[in-house]
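*Asks:* give me a 3D structure for the following:
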Amino acid sequence: MSEIDIIAPEHRFGFTGNWREFLTIALSNALLTLVTLGIYRFWAIKRERDYLWSHTWFLDDWLEWTGTGKELLLGFITAAFLLGIPLFILQFGIQAMVYRGYGNAAIAVSLLTLLFFNFFVGVARFRALRYRLNRTYWKGIRGGSDEPGWTYGWSNLWKWVVNYLSLGSAVAWTMTSLWNDRWNEMSFGNLDFDSKAKVRPVLVPFVFLYLTPLLILIVSVTLVLVQGTMVQGVYIYMDAPPLFRIIFFLIIASTSYAFVSLLFVIYYAAFYRNGVANLELGGLRFSFEAEGGEWFILLLVDGLIIIATLGIGYFFLGYRHWAFFAKHLAIHGDLDETALRQTSTKQEKYSDGWLDAMDIGAF
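*Replies:* Here you go, the predicted structure:
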């Protein structure tokens with residue numbers, strides 16, 4: 001009987017890594033990234049993924065990561081060039097227009113800059129997923145997509161524009177629709193992913209997330225406009241000492257931020273569960289069983305680790321997130337391995353270094 005059969009046959013996906021083993025990788029990655037002024041970070045990512053993938057099983061075999069640090073670096077340079085130069089020119093162009101009194105033109109150019117960046121964020125997210133599937137091997141089979149990502153970039157652009165025009169009320173629809181757009185262009189081997197996520201399962205947590213900041217704003221404005229109000233039996237007047245008002249404001253602001261953050265995590269957990277539950281590959285279906293509270297604890301501990309280690313703990317977070325993902329992902333159904341063939345999609349030249357260039361996540 002294999003180690004895979006012993007560990008968790010019911011989930012058929014899992015992770016056997018040990019945090020003590022990975023700690024040496026994380027510390028050396030942190031040191032080398034520091035002494036090379038950040039250049040080594042791309043090879044640090046490669047070492048991290050080598051370890052995580054090689055300790056992860058899928059069905060009855062182990063995963064393998066074949067990406068390189070050079071690919072990550074080239075992806076970063078490509079994105080930095082494509083985005084950095086136009087944005088640099090636009091920034092100084094906007095300032096010049098403002099100084100010359102062309103305020104309306106500056107606003108128009110600023111809007112175009114926002115749309116331009118939004119488009120490339122979409123392209124980056126698509127290519128990151130495509131690259132990771134392309135460099136992930138299982139039984140010699142890899143994934144990928146022949147789509148370059150430009151169509152997804154336009155989809156990302158117009159759907160977020162709709163969201164902006166709706167004052168954020170279309171966030172759930174935008175995120176769910178883009179999830180489907182992204183996965184429906186991906187494949188693994190000769191099998192296509194099929195994503196049919198609906199918005200309805202995430203509407204309730206989204207409505208709470210959307211309305212709560214508005215309610216907090218209404219209450220805050222009321223507290224400012226009214227001369228006095230009763231809070232747990234204590235009258236707070238606008239002529240109270242400045243220190244008292246500052247402390248009161250900080251308490252209200254921090255409490256509100258923490259509560260809204262919790263609601264966002266609850267919403268995102270519901271969104272992620274919904275997306276994964278409606279994703280299929282061949283005869284396989286998936287589910288992700290983590291609730292909002294588990295996500296919140298994961299992120300809270302992340303923050304505490306970074307603070308306690310003065311930032312060095314950042315290099316350990318990849319392990320924590322991958323272990324969390326592997327723990328809660330379940331696979332259902334059967335895969336006809338006799339029908340599985342190698343993908344015909346082309347090999348990638350550039351990597352999800354696009355995401356690093358824009359400091360955004362892919363997963």
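*Asks:* skip the chain neighbours and tell me the closest residue to Lys41.
*Replies:* That one is not Lys; residue 41 is Arg. Thr33 (4.8 Å; CB to CB, 6 or more residues apart in numbering). (Glycine included, C-beta is placed from N, CA and C.)
*Asks:* who are the packing partners of the helix or strand hosting the one you found?
*Replies:* Using DSSP states H and E, Thr33 falls within helix 19-35. Helices and strands touching helix 19-35, as assessed by 3 or more CB pairs under 8 Å, 6 or more residues apart in numbering; DSSP states H and E, comprise helix 41-54, helix 317-328.
*Asks:* among those, which is nearest Glu337?
*Replies:* Closest approach to Glu337 among these (CB to CB): helix 41-54, 19.6 Å.
*Asks:* re earlier: contacts for the helix holding Thr33?
*Replies:* 39-41, 43-44, 47-48, 51, 312, 314-316, 319, 323 (CB atoms under 8 Å, 6 or more residues apart in numbering).
*Asks:* recalculate using a threshold of 10 Å.
*Replies:* With CB atoms under 10 Å, 6 or more residues apart in numbering as the test, helix 19-35 has contacts from 39-48, 50-52, 55, 309, 311-320, 322-323.
*Asks:* what does stretch 155-162 give?
*Replies:* By CB under 10 Å, 6+ apart, stretch 155-162 touches 114-126, 149, 169-171, 173-175, 177-178, 181-182.
*Asks:* this structure: strands as residue ranges?
*Replies:* Ranges of strands in the chain, per DSSP state E, are 13-15, 56-58, 61-65, 136-138, 141-144, 187-188, 191-195, 228-231, 234-237, 279-281, 284-288, 329-333.
*Asks:* let me see the ranges of the helices in this protein.
*Replies:* In the chain, the helices defined using DSSP state H lie at 3-7, 19-35, 41-54, 69-99, 103-134, 150-165, 171-183, 203-225, 242-277, 292-308, 317-328, 353-358.
*Asks:* got the ones you listed as JSON lines, with mean pLDDT, distance to Thr343 and mean neighbour count columns?
*Replies:* Listed next are the helices of the chain as JSON lines, based on pLDDT from 0 to 100; distance: least, CB to CB, whole Å; neighbours: other CB atoms under 10 Å:
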{"stretch": "helix 3-7", "mean pLDDT": "44", "distance to Thr343": "24", "mean neighbour count": "11"}
{"stretch": "helix 19-35", "mean pLDDT": "96", "distance to Thr343": "30", "mean neighbour count": "15"}
{"stretch": "helix 41-54", "mean pLDDT": "95", "distance to Thr343": "18", "mean neighbour count": "20"}
{"stretch": "helix 69-99", "mean pLDDT": "77", "distance to Thr343": "18", "mean neighbour count": "15"}
{"stretch": "helix 103-134", "mean pLDDT": "84", "distance to Thr343": "8", "mean neighbour count": "18"}
{"stretch": "helix 150-165", "mean pLDDT": "93", "distance to Thr343": "19", "mean neighbour count": "17"}
{"stretch": "helix 171-183", "mean pLDDT": "97", "distance to Thr343": "15", "mean neighbour count": "20"}
{"stretch": "helix 203-225", "mean pLDDT": "83", "distance to Thr343": "35", "mean neighbour count": "14"}
{"stretch": "helix 242-277", "mean pLDDT": "86", "distance to Thr343": "22", "mean neighbour count": "16"}
{"stretch": "helix 292-308", "mean pLDDT": "95", "distance to Thr343": "32", "mean neighbour count": "14"}
{"stretch": "helix 317-328", "mean pLDDT": "95", "distance to Thr343": "23", "mean neighbour count": "19"}
{"stretch": "helix 353-358", "mean pLDDT": "51", "distance to Thr343": "21", "mean neighbour count": "22"}
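*Asks:* which of those sits closest to Asp194?
*Replies:* helix 171-183 (8.0 Å).
*Asks:* roughly how far is that closest one from the heart of the chain?
*Replies:* Distance of helix 171-183 from the chain centroid (CA atoms, centre = their mean, to the nearest Å) equals 13 Å.
*Asks:* what do you get for stretch 176-191?
*Replies:* The answer for stretch 176-191 is 16 Å, by CA atoms, centre = their mean.
*Asks:* for that stretch, C-alpha coordinates in PDB please.
*Replies:* The C-alpha trace of stretch 176-191 is given here as PDB (Å, rounded to 0.1, in the frame of the first residue of the first chain):
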ATOM      1  CA  THR A 176     -18.300  35.000 -10.700                       C
ATOM      2  CA  SER A 177     -18.500  35.700 -14.400                       C
ATOM      3  CA  LEU A 178     -14.800  36.300 -14.700                       C
ATOM      4  CA  TRP A 179     -14.100  33.100 -12.800                       C
ATOM      5  CA  ASN A 180     -16.100  31.200 -15.400                       C
ATOM      6  CA  ASP A 181     -14.400  33.000 -18.300                       C
ATOM      7  CA  ARG A 182     -11.000  32.200 -16.900                       C
ATOM      8  CA  TRP A 183     -11.500  28.500 -16.200                       C
ATOM      9  CA  ASN A 184     -13.500  27.700 -19.300                       C
ATOM     10  CA  GLU A 185     -10.500  28.600 -21.500                       C
ATOM     11  CA  MET A 186      -8.200  26.200 -19.500                       C
ATOM     12  CA  SER A 187      -7.500  22.500 -20.000                       C
ATOM     13  CA  PHE A 188      -5.400  19.700 -18.500                       C
ATOM     14  CA  GLY A 189      -4.200  17.200 -20.900                       C
ATOM     15  CA  ASN A 190      -6.800  16.800 -23.600                       C
ATOM     16  CA  LEU A 191      -9.600  17.500 -21.100                       C
END
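*Asks:* before we move on, the earlier item: in CSV: the helices of the chain, plus distance to Gly144.
*Replies:* Converted to CSV, the helices of the chain look like this (distance: least, CB to CB, whole Å):
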stretch, distance to Gly144
helix 3-7, 25
helix 19-35, 27
helix 41-54, 16
helix 69-99, 14
helix 103-134, 4
helix 150-165, 14
helix 171-183, 13
helix 203-225, 32
helix 242-277, 20
helix 292-308, 29
helix 317-328, 20
helix 353-358, 16
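*Asks:* that concludes my questions; thank you for your assistance.
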